[in-house]
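Enquirer: Following is a predicted model, sequence given first.
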Amino acid sequence: MAKSILVVDDSETIREAVSFTLENAQYQVQKAVDGEDALQILEKGQFQLVITDLHMPRLDGIGLIKAIRAKPEHQFTPILFLTTESQASRKEEARAAGATGWIVKPFVPEKLVGVVQKLIR
Amino acid sequence: MIEHLKQKYLEEAHDLLLELEKTLLLLEENPADSEGVEVAFRVMHTLKGSSGMFGYQQVSELVHLLENGYDTIRTNKQAVPLSLLELSLESVDHIRLLLTEDTTNTPATEGAHRLLLKRAAELLYEMPAPEDERAMPAAPAGKSLRTWAIFFAPQQDMLKNGSNPLYLLEELAGFGGFRSFSCTGQLPPLTELDVQQCYLSWMLLLATEAPEGDIRDVFMFVEELCQLQLEPLGEGDLLADLKEEQLTALADKIALALDKESFAAYVRELKTTTAQVKPVVSPETAQETTAQLASGVKEKSVTSIRVASDKLDDLMNLVSELVANQERLSLLAELSMMPELAGVAEEIEKITRQLRDKTFDICLVPIGSLLTRFKRLVRDLSQELGKNIAFEAEGMDTELDKNVIDSLSDCLVHILRNCIDHGLEAEAERIAKGKNPQGTILLKAFNSGTNVVIEIKDDGRGISSEKVRNKAVEKGLIRPDQVLTEKESLELILMPGFSTAQSITSVSGRGVGLDVVKKKIKELRGEVSIASKVGQGATITIALPLTISIIDGLLVRVADTDYVLPLSFVEKSYSVTPADLLNTKNNQLILDGEPVIYFNLAEAFSAGSLSNNAFGVVIHTGTMRMALLVDEIIGEYQAVLKPLGKFYQEQDFLSGGSLMGDGTVALVLDPQKLIQEITKNRTIDI
Amino acid sequence: MSKVAEQTINSFLSFKLDRETFGVNVNKVIEILEVPHITKIPKSPAFMRGVINLRGTVLPVVDARLKFGLKEIADSVNTCIIVFNIQVAKEQVMVGALVDAVQEVFDMDESQLMPPPSIGGKFRTDFIRGMARNEDDFVMMLDVDKIFASEEIINLQQEVEAVKA
């Protein structure tokens, strides 16, 4: 069975680009437009991985990561966040919230798939 | 392969730029607004990310610089310097240009781009820097095969962030020759084992060409969650040199105990056996960061999706066909005398109405969606011309059809340009006149009956009807002896070939006059009028019909053509016989004892003679009351208005067509224009 | 087969008006309709026959006979409407043309177009791209965009007004 990934980003282009790349790599992808949307979708399905942007309206990435980690069923679900910053502080913050890792935008498709493969097989 | 997403990117980028522009303008009013800074930062962040991905590197690099600026401000909780806002707004324009030019830049754009980058860099240099970006440890260059010893000891709770150490080992194995030795010494007795904890640690041997950086990258997500040490054992693949017994002995030792000290000991041991010593790079792991408190970005936003506007047009078409067919179904159901069918028809009618209302609603856009563009225009122009102007807007939630909004936007820009350039005086002149030094432009929109009215009012010089008149005579637009009311004189400036500008400025340009506005508004079936008091200002008023809308109408027939008269104009209808018409005087019929001017539609539309059982429908517009003679009155009808298109623009007494249930088209009359048309072409003796 | 590069084979639809055969590029044709009820628009020139309902949009219909200055005749069973997609001032506009009968679709190499007869032609030459021979028939190839360009129609309307006055 193909692994399911939830992609969360308020930017449609990023969302689509990430989804497109992952779908090409034979993953199943669902999309959410912000943190709150993501939480609702998480309720309804099973996901092996979540990829989220950090800056989003309503519930931002950090908030989302914390909320996901608070759910017993997602204690171990890998969560990646998308970032353009090389600043360590944002990463730290996301890590502290419970993120597994990050993907630097812009990404090359192979690299994205590579990072995902680090986390789910 | 991502090419097909590019279009989406461009759409989104334009939306983002608009949002950014709006935010920047708000910030200009209140530079210390931390929420505004957050929004600007977030928008830039998104824009930077997607631009880079779709090959718009120039956009990305420029936004990157600006974003850093806003990040600093947000971190230090400062107010945004005006110079940065100015630069940001200019960058918005520049980026719009970059996006339209695609990847091939003209030298001019190229130059502008470099200049902006330079200015951005200079501005940032002056600002206190945010916490320093962490320099990534530089990986030693060279692609030679090397053997590494790696100590990897996860913290017990490493699994909790979703990482799986086994995957990392697998990934490393993919780098080349690989041996792993695990330490099980920390495993608790089975009864105390918590499956959510990680009790293992590893010593790994890896022979690879990959640089140290790549090896470290494998652990990048778990760096802080484990102890990690890399020791080069030596050049070449040393795994081959190691004897199997040696390795087994090592494995046994490691299984019992593994920590930093023992790892170092094992490494020394291995080095002596392999006899090659060449320690290089020492691991440096130190990196401190002050965790920054997340300043929660809170913004109210309604989740929305983007829909191509032609899809909406299709939807509108389908809905209007549905409405027409539903009307027919209701009629048939009524005639059928089948109560069940009548019930279903009624239900369908209800649903159709809801569907119709929702669809209309979807196609409506508040006029406020144009506001940012206008604010920006006023701001830039007033700066350019050195005028002090306040721009105010009212009723910006007034909604219009999306297609109307598009055409309207250009018209309003044109009018605003005129106001700023010609209408409003410079500060000194205003002071000299004893006026408020700051000029005001008020944009106001409101609903009025079946119209949406938009007013652009300024408190500038005003327009002198006499000057306008003289100019029109001079240009040969009117005869010197022509008698015009004040209003008519003023509205001469809407005629093609008229321009009151004393000097031609870059703002209003040459040759483009308000006639273009009038033409466009006419295309939308709207009206433009002007009022002015010299010295006090001018008001331009645009009245637009709610073009795509349902008209509650009265369906009448003239010869074999159906017409719809909007009910809002219909007063009453009377039966009219040939005898009634026989003795009419001055084109007047006596209806209910009152004389009413009548107008024979059959005759006017060259549709033969009126039937013997004709009807007179009394309509009243604001100024006129008259009876329209028609062959037949069919009944009340909900008409969905459809444009008749380019080919029938001249027939402006028709607001459009409406599709009937039987597949034919009925024509919707515009009573006001119809009366204008009638009174224009004949003199009515009263 | 080296000559092939020079050729551009296009498909054309031919139709009859009076005794003449006309051809139009099929790229411009959307569909062919039987004549439905046409709603006349008052105060418009005679060659503007009115409007019909084409699947939810209002389609203007031009009487090609009158447009080309031919005699008006009653519609027959063969009369039909060719729906064109034309370009007017950079916009795509749909318009229907009432013709006596639709004939066939044939292929032709553009290079075989002969120049239109310059003198003695019944029709305005600027509407005609050229003449072509299709079997034993001469076909007049039309420039659809030009015929229906709204400016043209507006001009004609003005002429009509002028004649009336």
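Expert: Looks like it came in fine.
Enquirer: I'd like the mean pLDDT over the helix or strand harbouring residue B:252, please.
Expert: Here residue B:252, judged by DSSP states H and E, is contained in helix B:244-256. On average, the pLDDT along helix B:244-256 is 81.
Enquirer: Please read off the pLDDT at the closest residue to chain C within the stretch 551-686 of chain B from the model.
Expert: Closest to chain C within the stretch 551-686 of chain B is residue B:605: 3.5 Å, counting by Cβ to the nearest Cβ. For every residue, glycine as well, the C-beta is placed using N, CA and C. Listed pLDDT for residue B:605 reads 86.
Enquirer: Next up, phi/psi of residue 96, please.
Expert: Using chain A. The phi/psi pair for residue A:96 (degrees, to the nearest 10) reads phi -60, psi -30.
Enquirer: I'd like the next helix or strand past the worst-scoring helix or strand of chain A on mean pLDDT.
Expert: In chain A, no helix or strand scores lower on mean pLDDT, DSSP states H and E than helix A:88-97, which sits at a mean of 77. Using DSSP H and E, the next helix or strand after helix A:88-97 towards the C-terminus is strand A:101-104.
Enquirer: Identify each buried residue in that following strand, please.
Expert: A:101-103 (16 or more other Cβ atoms under 10 Å in any protein chain shown).
Enquirer: And the average pLDDT for the very next helix or strand once past it is what?
Expert: Later in the chain than strand A:101-104, the nearest helix or strand by DSSP H and E is helix A:109-119. For helix A:109-119, the mean per-residue pLDDT is 81.
Enquirer: what do you get for stretch B:452-460?
Expert: 91.
Enquirer: Give me the buried positions along it.
Expert: Counting neighbours by 16+ other Cβ under 10 Å, stretch B:452-460 gives B:452-460 as buried.
Enquirer: what separates that stretch from the chain centre, distance-wise?
Expert: The chain centre lies 25 Å from the centre of stretch B:452-460; the measure is Cα atoms, centre = their mean, to the nearest Å.
Enquirer: what does stretch B:564-583 give?
Expert: With Cα atoms, centre = their mean, you get 48 Å for stretch B:564-583.
Enquirer: And for stretch B:48-66?
Expert: The answer for stretch B:48-66 is 20 Å, by Cα atoms, centre = their mean.
Enquirer: What lies in contact with it?
Expert: A:11, A:13-14, A:17, A:82, A:84, A:105-107, B:2, B:5-6, B:9, B:12-13, B:44, B:47, B:67, B:84, B:87-88, B:91, B:94-95, B:98-99, B:103, B:105, B:113, B:116-117, B:120-121, B:124 (Cβ atoms under 8 Å, 6 or more residues apart in numbering or on different chains).
Enquirer: which residues of the chain fall in helices?
Expert: Defaulting to chain A. Ranges of helices in chain A, per DSSP state H, are A:12-24, A:35-44, A:61-69, A:88-97, A:109-119.
Enquirer: Chain C, not that one
Expert: C:64-67, C:144-148, C:150-164.
Enquirer: pLDDT weak spots in the chain?
Expert: Picking chain A for this. Residue ranges of chain A with pLDDT under 70: A:1, A:85-89, A:106.
Enquirer: nope, chain C
Expert: C:1-8, C:89-90, C:117-126, C:149-165.
Enquirer: What of the stretch 251-400 of chain B?
Expert: For the stretch 251-400 of chain B (pLDDT under 70), the answer is B:274-303.
Enquirer: list the contacts for the residue of it found nearest chain C?
Expert: Going by Cβ to the nearest Cβ, chain C is nearest to residue B:317 of the stretch 251-400 of chain B, at 3.7 Å. Contact analysis of residue B:317 by Cβ under 8 Å, 6+ apart lists C:55-57.
Enquirer: Spell out for me which residue occupies the centre of chain A.
Expert: Residue closest to the average C-alpha location in chain A (Cα atoms, centre = their mean): residue A:51, at 0.9 Å.
Enquirer: So what touches stretch B:615-633?
Expert: By Cβ under 8 Å, 6+ apart, stretch B:615-633 touches B:554-559, B:563, B:565, B:569-576, B:581, B:589, B:591, B:596-602, B:610-611, B:614, B:671-672, B:674-675, B:679.
Enquirer: residues of it that come out buried?
Expert: Buried-residue list, stretch B:615-633, by 16+ other Cβ under 10 Å: B:615-620, B:626-631, B:633.
Enquirer: next one: stretch B:410-423
Expert: Neighbour counts over stretch B:410-423 (16+ other Cβ under 10 Å) mark B:411-412, B:414-423 as buried.
Enquirer: Just the CA atoms of that stretch, as PDB, please.
Expert: Provided in PDB are the C-alpha atoms of stretch B:410-423 (Å, rounded to 0.1, in the frame of the first residue of the first chain):
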ATOM      1  CA  ASP B 410      -9.500  51.200 -15.600                       C
ATOM      2  CA  CYS B 411     -12.100  53.900 -15.700                       C
ATOM      3  CA  LEU B 412     -11.700  54.800 -12.100                       C
ATOM      4  CA  VAL B 413      -8.000  54.900 -12.400                       C
ATOM      5  CA  HIS B 414      -8.400  57.300 -15.300                       C
ATOM      6  CA  ILE B 415     -10.800  59.600 -13.300                       C
ATOM      7  CA  LEU B 416      -8.500  59.500 -10.300                       C
ATOM      8  CA  ARG B 417      -5.500  60.500 -12.400                       C
ATOM      9  CA  ASN B 418      -7.500  63.400 -13.700                       C
ATOM     10  CA  CYS B 419      -8.600  64.500 -10.200                       C
ATOM     11  CA  ILE B 420      -5.000  64.500  -9.000                       C
ATOM     12  CA  ASP B 421      -3.500  66.000 -12.000                       C
ATOM     13  CA  HIS B 422      -6.000  68.700 -12.900                       C
ATOM     14  CA  GLY B 423      -8.600  68.800 -10.200                       C
END
